[in-house]
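> My questions are about this predicted structure, shown below with the sequence.
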Amino acid sequence: MIRLEGVGKRYPGGNEPLRGLDLHVERGELVFITGASGAGKSTLLRLIPRLERPSRGQVLIDGANLARLPRRRIPYLRRRIGMTFQDHRLLHDRTLFDNVALPLVIEGRPHADIRRRVQAALDKVGLLAQSRAYPVTLSGGEQQRVGIARAIVSRPPILLADEPTGNLDPALSLEIMQLFGQFNQVGVTTVIASHDQPLIDALGHRQIHLSEGRAT
Ligand SMILES: Nc1ncnc2c1ncn2[C@@H]1O[C@H](COP(=O)(O)OP(=O)(O)OP(=O)(O)O)[C@@H](O)[C@H]1O
C-alpha cells in the first residue's frame with residue numbers, strides 16, 4: 001500500500017537524512033519507524049502525503065507514483081491519509097469540536113454530516129464530553145487524542161503518527177498506542193514514528209529501523 005523505492009532526501013543546506021531507502025507497508029499493517037533523533041523518521045512520514053518530495057527514488061501509494069500525481073489530485077491523496085504530530089498542531093482559539101471538524105469543513109461537507117462524524121471521532125478518543133472545551137484546558141495526552149480524532153475524522157485508510165507519545169508518561173503512552181491499535185484493527189494501515197523503544201518492543205508489531213538513511 002505504501003512503497004518507497006531507493007528514496008533519498010537531501011534538504012537545501014546539505015542535510016541528507018534519507019539515502020536510498022526501500023520499504024513496503026502492506027494494507028492493514030501497523031508498523032513502527034524507529035531510529036535515533038535526526039535519523040529521518042519525520043522526513044519519511046512527510047513524503048507519504050507529499051508534504052515533502054524525495055530528491056531521488058519514488059514513493060508509491062496504492063501503486064500510484066506520487067511524482068506523477070497532478071497538483072490538483074494532491075487534496076484527494078491527503079484526504080486518504082490522516083496524520084498526527086508530536087506538538088499536536090491544534091488551533092488554540094477553536095473548540096475541540098471545531099479542531100476536529102476542520103478537515104471536513106475544508107472538504108465542504110454538509111453540516112449534519114460534519115456533526116455526526118466529529119462526534120463519532122471525539123467519542124472514539126474518549127473526549128466527546130469535552131467537545132466544547134478549548135485545547136489549553138487539556139493535558140498533553142488529551143491534546144494528542146484530539147489530534148488523533150482530527151486525523152481519523154475523514155475515515156482515511158492510512159494513518160501516520162509522528163512521535164505520538166513524545167511528551168507523555170509511560171501509562172498515557174501505552175493508552176495512546178492502544179488507541180492506534182484499535183484503528184489498525186478495523187483496517188487502517190498505520191505507520192508510527194517513535195523512539196519509545198521499550199513500549200514499541202512490548203507492543204510487538206513490525207519495526208523498521210532507520211540508520212544512515214536506510215531501513216535496517
Ligand atoms: N525542512 C528542513 N530543512 C533542512 N533540514 C531539515 C528539514 N527537516 C529536517 N531536516 C534535517 O533532516 C534530518 C532528519 O530530520 P527528521 O526530523 O526527519 O528526523 P527524525 O528522525 O524525525 O528526528 P526526531 O526524532 O528528532 O524528530 C535532521 O538533521 C534535520 O535537521
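Sure, I can see it.

> Tell me which stretches of this structure form helices.
Remark: helices assigned in the chain by DSSP state H are 41-47, 74-79, 96-107, 111-124, 140-152, 170-185, 197-203.

> Please put the alpha-carbon coordinates of the shortest one into PDB.
Provided in PDB are the C-alpha atoms of helix 74-79 (Å, rounded to 0.1, in the frame of the first residue of the first chain):
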ATOM      1  CA  ILE A  74      -3.000  16.200  -4.100                       C
ATOM      2  CA  PRO A  75      -6.000  17.100  -1.900                       C
ATOM      3  CA  TYR A  76      -7.500  13.700  -2.700                       C
ATOM      4  CA  LEU A  77      -4.300  12.000  -1.700                       C
ATOM      5  CA  ARG A  78      -4.200  13.900   1.600                       C
ATOM      6  CA  ARG A  79      -7.800  13.100   2.300                       C
END
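
> What is that helix packed up against?
Contacting helix 74-79 under the criterion 3 or more C-beta pairs under 8 Å, 6 or more residues apart in numbering; DSSP states H and E is no other helix or strand. Glycine gets a C-beta too; all of them are placed from N, C-alpha and C.

> Contact residues of the protein facing the ligand?
By the rule C-beta under 6 Å from any ligand atom, the part of the chain lying against the ligand is 11, 13, 15, 17, 35, 37-43, 195.

> Same list (the helices of the chain) but as TSV, adding mean pLDDT.
Formatted as TSV, the helices of the chain follow (pLDDT from 0 to 100):
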stretch	mean pLDDT
helix 41-47	98
helix 74-79	93
helix 96-107	96
helix 111-124	97
helix 140-152	96
helix 170-185	95
helix 197-203	95
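
> Could you look over those helices and pick the most buried one?
helix 140-152 (a mean of 24; mean count of other C-beta atoms under 10 Å).

> what does it contact?
Residues from elsewhere that reach helix 140-152 (C-beta atoms under 8 Å, 6 or more residues apart in numbering): 82-85, 88-90, 96, 99-100, 102-103, 118, 121-122, 124-127, 130, 135, 138, 159-161, 164-165, 167-168, 172, 175-176, 179-180, 183, 188.

> Ok, stretch 65-80 next?
47, 49-50, 53-54, 58-61, 103, 107, 154, 156-158.

> and Glu16, how many neighbours?
As a burial measure, Glu16 scores 14 neighbours (other C-beta atoms under 10 Å).

> check contacts around it.
8-10, 55, 213.

> Can you read off the pLDDT for it?
For Glu16, the pLDDT comes out at 96.

> Phi and psi next, for it.
In terms of degrees, to the nearest 10, the main-chain angles of Glu16 are phi -130, psi 80.
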